[in-house]
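# no FASTA, just this:
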């Protein structure tokens, strides 16, 4: 899938929404899974949501369940993260990555997109 490019971040007030996008240089058909991660200053990187390409099942971190939704377009080129009911603790740099096989490492890291939520 090559390098991934994240976009859609911004500054919002608590309770607001943002939709992040992650564009691949080609189709991600054949990848095992794709995911969104985030990292806040001074904190470890956290996997926020993952989608398994075959079948489309998803999984979320407890901190975002019920608020965030991960999805892909039908051509498997763009990955999305719909973020609703945002909280100040969601403030972080958000990244997307892909895993080619279940045993592969996450790859394709881009520059990330900043999300800032004010109270």
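Received, thanks. Not measured: the values here are computed from a predicted model.

# quick one: contacts for the residue most central in space within the chain?
What sits nearest the mean C-alpha location of the chain, by C-alpha atoms, centre = their mean, is residue 36, with 2.4 Å. Applying C-beta atoms under 8 Å, 6 or more residues apart in numbering to residue 36 gives the contacts 20, 22, 47-50, 68, 70, 79, 81, 94-96. Glycine gets a C-beta too; all of them are placed from N, C-alpha and C.

# which pLDDT value goes with it?
As predicted, residue 36 sits at a pLDDT of 97.

# any idea how far it is from residue 119?
23 Å (C-beta to C-beta, to the nearest Å).

# related to what we said a few turns ago, what about the residue nearest to the centre of the chain, which helix or strand?
strand 33-39 (DSSP states H and E).

# adjacent strands (with direction) for that strand?
Next to strand 33-39 in the sheet, as set by DSSP bridges, lie strand 46-52 (antiparallel), strand 92-99 (antiparallel).

# and the last one, how far out from the chain's middle?
Spelled out, that is strand 92-99. Centroid separation between strand 92-99 and its chain, computed with C-alpha atoms, centre = their mean, to the nearest Å, is 5 Å.

# so, low pLDDT: which residues of the protein?
Applying pLDDT under 70 to the chain flags residues 1-2, 27-29.

# please enumerate the strands of it.
5-7, 10-13, 18-23, 33-39, 46-52, 58-60, 68-72, 78-83, 92-99, 113-118 (DSSP state E).
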